[in-house]
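Asks: Sharing a model prediction with you, sequence too.
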Amino acid sequence: MSKLRTRNIFYPPTIFYFLLAICYFLFAMPFLALAQEPVRLYLEASQSAVAPESEITIDILLSSKQPINALDIILHYPKDSLIPITFNDSDSMIDLWQNRHWSDNNGIIRISGGLFEPFAGTGGHIARLTFKALLPSNAKVLLDNADVYYADGVGTKAEVSMGALGILVTSDAPFFSVAKIDDTNPPVFESLEYLKNPDGSGGYLAAFKAEDDASGVKAVQIRSTQWLGFDQWRAVESPAKLPSGTWKYQISAADNNGNVFLASLYIFPELFKKIGAVVLLILLVIIFYSIMKKRKGKKHGF
């Protein structure tokens with residue numbers, strides 16, 4: 001006679017599922033809400049109404065519940081009403097700039113960069129722009145597009161809410177000017193080095209981090225030489241690609257008060273190649289003249 005094998009199976013009562021649901025809403029949902037809360041990008045202006053020819057500052061700010069470490073922002077302004085005259089990054093959260101296209105006067109400003117230390121909190125300062133008001137108008141400045149990335153190790157793109165502001169330019173408003181910052185010290189390079197181009201195309205990159213704690217870095221320029229003369233100065237962001245064969249380059253950083261710092265660097269592997277090429281050329285010339293001298297001596301019977 002066969003034996004019937006049985007086992008007890010426990011079915012949790014309905015109250016168990018009810019308590020489980022309560023725990024989920026109490027503990028899990030707040031974290032999910034936090035993860036889905038968008039990053040806020042917004043603008044703050046020093047004045048809302050100014051007379052023509054006035055100067056006005058606009059700060060680009062960020063607030064985020066979760067740490068972020070990279071961003072790419074596009075800002076639009078009416079080029080017939082406002083013109084950007086300075087870009088101040090002295091108090092910026094950005095450590096490594098990739099783009100700072102603000103001075104083209106075409107109505108579009110694009111800035112992007114990364115943070116060495118991720119930021120989370122309110123009122124994170126990205127940059128301060130100073131505009132000059134032109135014709136009377138209702139000027140609208142708005143953040144048109146933005147990519148912000150969380151510091152989660154995989155570069156997750158955040159949802160972003162973006163703000164705008166209006167500036168009334170009218171002769172009925174007061175005239176304003178931005179006080180000049182007392183800054184007599186040039187920018188400094190917190191880091192300055194060269195490294196091999198990692199994309200396999202050869203050559204070197206000039207990597208740097210320029211800072212100015214007062215008026216902010218206006219521009220970084222670089223020029224290089226492959227043999228004797230330097231090429232033309234060009235504006236760059238870090239890292240800047242150097243022409244193939246560069247053995248020496250000069251890099252300068254200027255702030256918004258006109259102070260300039262200049263540094264010269266040698267790329268020693270390329271320098272040794274140049275020295276070797278020159279030495280080889282000299283040896284070849286010496287050998288050539290020695291051979292010619294011997295042939296000339298034999299021709300005259302010496």
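Replies: It's in.
Asks: Could you give the bridge partners of Pro84?
Replies: Pro84 has these beta-bridge partners by DSSP bridges: Phe131.
Asks: Surely it is in contact with Asn106?
Replies: No - taking contacts as CB atoms under 8 Å, Pro84 lies outside contact range of Asn106: 10.3 Å. For every residue, glycine as well, the C-beta is placed using N, CA and C.
Asks: So for these two, which residue has more residues nearby?
Replies: Pro84 (19 against 9; other CB atoms under 10 Å).
Asks: which residues touch the more buried one?
Replies: 77, 102-103, 105, 109, 129-131 (CB atoms under 8 Å, 6 or more residues apart in numbering).
Asks: if we go to 10 Å?
Replies: Listed by CB atoms under 10 Å, 6 or more residues apart in numbering, the contact set of Pro84 reads 58, 75, 77, 102-105, 107, 109, 129-132.
Asks: on that earlier part again, what do Pro84 and Asn106 both touch?
Replies: Tyr77.
Asks: Show me the beta-bridge partners of Glu193.
Replies: Ala207.
Asks: count of residues packed around it?
Replies: Quick note: Glu193 (other CB under 10 Å) scores 13 neighbours.
Asks: next one: Leu280
Replies: 10.
Asks: now it, what's its secondary structure?
Replies: helix (DSSP: H, G, I helix; E, B strand; the rest coil).
Asks: got it, and Leu165?
Replies: strand.
Asks: Find the nearest non-adjacent residue to it, please.
Replies: Leu43 (4.9 Å; CB to CB, 6 or more residues apart in numbering).
Asks: Now do that neighbour, the pLDDT please.
Replies: pLDDT recorded at Leu43 is 97.
Asks: need the next SSE after the helix or strand it falls within, C-terminal direction.
Replies: For Leu43, the host element (DSSP states H and E) is strand 39-45. Counting by DSSP H and E, the next helix or strand C-terminal to strand 39-45 is strand 49-50.
Asks: Which elements pack onto that next one?
Replies: Here strand 49-50 is seen to pack against strand 108-133, strand 164-169 when contacts are counted using 3 or more CB pairs under 10 Å, 6 or more residues apart in numbering; DSSP states H and E.
Asks: Paired strands for the strand holding Leu43, with orientation please.
Replies: Taking DSSP bridges as the criterion, strand 39-45 pairs within the sheet with strand 55-76 (antiparallel), strand 160-162 (parallel).
Asks: And the average pLDDT for the last one is what?
Replies: Regarding strand 160-162, the rounded mean pLDDT is 95.
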